[in-house]
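Provide a 3D model corresponding to the input given below.
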Amino acid sequence: GLTARAPQRWASSLPMNTVVLFVPQQEAWVVERMGRFHRILEPGLNFLIPILDRIRYVQSLKEIVIDVPEQSAVSLDNVTLQIDGVLYLRILDPFKASYGVEDPEYAVTQLAQTTMRSELGKLTLDKVFRERESLNSNIVHSINQASDEWGIRCLRYEIKDIHVPPRVKESMQMQVEAERKKRATVLESEGTRESAINVAEGRKQAQILASEGEKAEQINKAAGEAQAVLAKAEAKAKAIRMLSEALTEQNGNAAASLSVAEQYVSAFSNLAKESNTILLPTNTGDISGMVSQVCLLSNSPNYWIYMLTASKLLSLHAPNDAYLVFLPLRL
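Numbers count the residues shown, from 1 in each chain. Okay, the predicted model is just below:
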């Protein structure tokens, strides 16, 4: 509690004035002469006047650790907490520590408790656990503002334990479980969403690649067909040019007539092999006249060309049951 008072370290067994004194390291002895402050003895050998000089205070210059007792505090959201801490301080000015305050350790302890209650009243319960570092630094800053006149420097303050009521503790545990379930649900939904997005992107890329492949195939096919048509046209044009050049040469007409006659005979030979009905021309006597008519009338559809003689056609190995039909053929 607030009324608990720590025992004064200098109240018991102060050093006696023995004229020659040896002051230990990291200690400051405050000497009064005839009841008035005289000087501070430094570590090592010192001399005092008997009866006139008296050692009044002994201050330790080491870092001092003070246990701050447990106390109750109310947070911003009206939750009562039981909290305790540890205070680390050091005396910087032995004169102020001796004459500035009656009991410096007790004063700093009370200041730490009141400052801690004040700082906790500014925070909600969640922030008390989340911002312990900032809470400790605020308490140290507030203590140093007040303890500067006492010659004391607060180095740090650490909260040891924070006790909350049982019901509040249960609700906090439920809240933590709810937060974890929420995070798990959110992570699962995000995973499902990412999976769906990846599948959709994969299908999209597959469709794009398939369409591009089909497009490229159609383009290549069209290009191939165009090249084939162009090659055929070039070949036909070349054949026509060669034919026209051959016709313009000597005896070109005779060669053309021979070619037409050979094709004519070949056509009727195939017809005689494949069917039992043979078409014969009505004029069977003059094959040379027929060939000449083929050469002369090939450009006119209004003339009739009469085919080979029956004797000539019978030599084409027609079937035995062939019927000879005499019909005019039109080119």
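
what helix or strand is residue 59 on?
Here residue 59, judged by DSSP states H and E, is contained in strand 53-60.

for residue 208, that is, sorry about that
Element membership for residue 208, per DSSP H and E: helix 166-248.

pLDDT of that helix, averaged?
Here helix 166-248 scores 86 as its mean pLDDT.

strands of this structure, residue ranges please.
Along the chain, counting by DSSP state E, strands occupy 20-23, 27-33, 36-41, 44-47, 53-60, 63-74, 80-91, 152-163, 277-280, 304-305, 323-326, 329-330.

and residue 109, which of those strands is closest to it?
strand 63-74 (5.7 Å; Cβ to Cβ). Glycine gets a C-beta too; all of them are placed from N, C-alpha and C.

for the closest one, packing partners?
Contact here means 3 or more Cβ pairs under 8 Å, 6 or more residues apart in numbering; DSSP states H and E; on that basis strand 63-74 packs against strand 80-91, helix 104-120, strand 152-163.

could you list the residues in contact with that strand?
1-2, 4, 6, 80-91, 105, 108-109, 112-113, 116-117, 120-121, 155, 157, 161, 163 (Cβ atoms under 8 Å, 6 or more residues apart in numbering).

of the residues you listed, buried ones?
With burial judged by 16 or more other Cβ atoms under 10 Å, the buried subset of the contacts of strand 63-74 is 81, 83-85, 87, 89, 91, 105, 108-109, 112-113, 116, 120, 157.

look up how far residue 96 lies from residue 59.
Remark: distance between residue 59 and residue 96 (Cβ to Cβ, to the nearest Å) = 10 Å.

the two: who's more crowded?
residue 59 (21 against 18; other Cβ atoms under 10 Å).

flag every buried residue along stretch 47-57.
For stretch 47-57, by 16+ other Cβ under 10 Å, it's 48, 53-57.

ends of that stretch, how far apart?
End-to-end distance of stretch 47-57 (Cα to Cα, to the nearest Å): 17 Å.

so for that stretch, mean pLDDT?
91.

distance from the chain centre to that stretch, please.
Computed by Cα atoms, centre = their mean, to the nearest Å, the separation of stretch 47-57 from the middle of its chain amounts to 77 Å.

quick one: contacts of that stretch?
The contact list for stretch 47-57 (Cβ under 8 Å, 6+ apart) reads 10, 14-21, 29-34, 37-38, 41, 94, 97-98.

which of the residues you listed count as buried?
Those of the contacts of stretch 47-57 that meet the buried threshold are 10, 17, 21, 29-32, 38, 41, 94, 97-98, by 16+ other Cβ under 10 Å.

so which of those residues comes closest to residue 220?
Closest approach to residue 220 among the buried ones among the contacts of stretch 47-57 (Cβ to Cβ): residue 97, at 98.1 Å.

give the contact list for that closest one.
Contacts of residue 97 (Cβ under 8 Å, 6+ apart): 57, 59, 91, 104, 150-152.

let's go with 7 Å and repeat that
59, 91, 104, 150-152 (Cβ atoms under 7 Å, 6 or more residues apart in numbering).

touching, residue 41 and residue 31? I think so.
Yes. Contact criterion Cβ atoms under 7 Å: residue 41 and residue 31 qualify, at 6.1 Å.

helices or strands next to the helix holding residue 208 in the packing?
helix 252-274 (3 or more Cβ pairs under 7 Å, 6 or more residues apart in numbering; DSSP states H and E).

in CSV: the strands of the chain, plus distance to residue 229.
Shown next, in CSV, are those (distance: least, Cβ to Cβ, whole Å):
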stretch, distance to residue 229
strand 20-23, 119
strand 27-33, 114
strand 36-41, 118
strand 44-47, 118
strand 53-60, 111
strand 63-74, 97
strand 80-91, 94
strand 152-163, 92
strand 277-280, 35
strand 304-305, 33
strand 323-326, 40
strand 329-330, 31
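
among those, which comes closest to residue 221?
Taking Cβ to Cβ, strand 329-330 is the member of those nearest to residue 221, at 40.1 Å.

related to what we said a few turns ago, reformat the helices and strands packed on strand 63-74 as TSV; add mean pLDDT and distance to residue 183.
What follows is the helices and strands packed on strand 63-74, written out as TSV (pLDDT from 0 to 100; distance: least, Cβ to Cβ, whole Å):
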stretch	mean pLDDT	distance to residue 183
strand 80-91	89	27
helix 104-120	87	29
strand 152-163	88	25
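
will you turn the ones you listed into JSON lines that also has distance to residue 181?
Shown next, in JSON lines, are the helices and strands packed on strand 63-74 (distance: least, Cβ to Cβ, whole Å):
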{"stretch": "strand 80-91", "distance to residue 181": "27"}
{"stretch": "helix 104-120", "distance to residue 181": "30"}
{"stretch": "strand 152-163", "distance to residue 181": "25"}
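
for these, which one sits closest to residue 224?
Closest approach to residue 224 among the helices and strands packed on strand 63-74 (Cβ to Cβ): strand 152-163, 83.8 Å.

can you say which of the helices and strands packed on strand 63-74 is nearest to residue 187?
strand 152-163 (30.4 Å).

partner strands of the closest one, with direction?
The pairing partners recorded for strand 152-163 under DSSP bridges are strand 80-91 (antiparallel).
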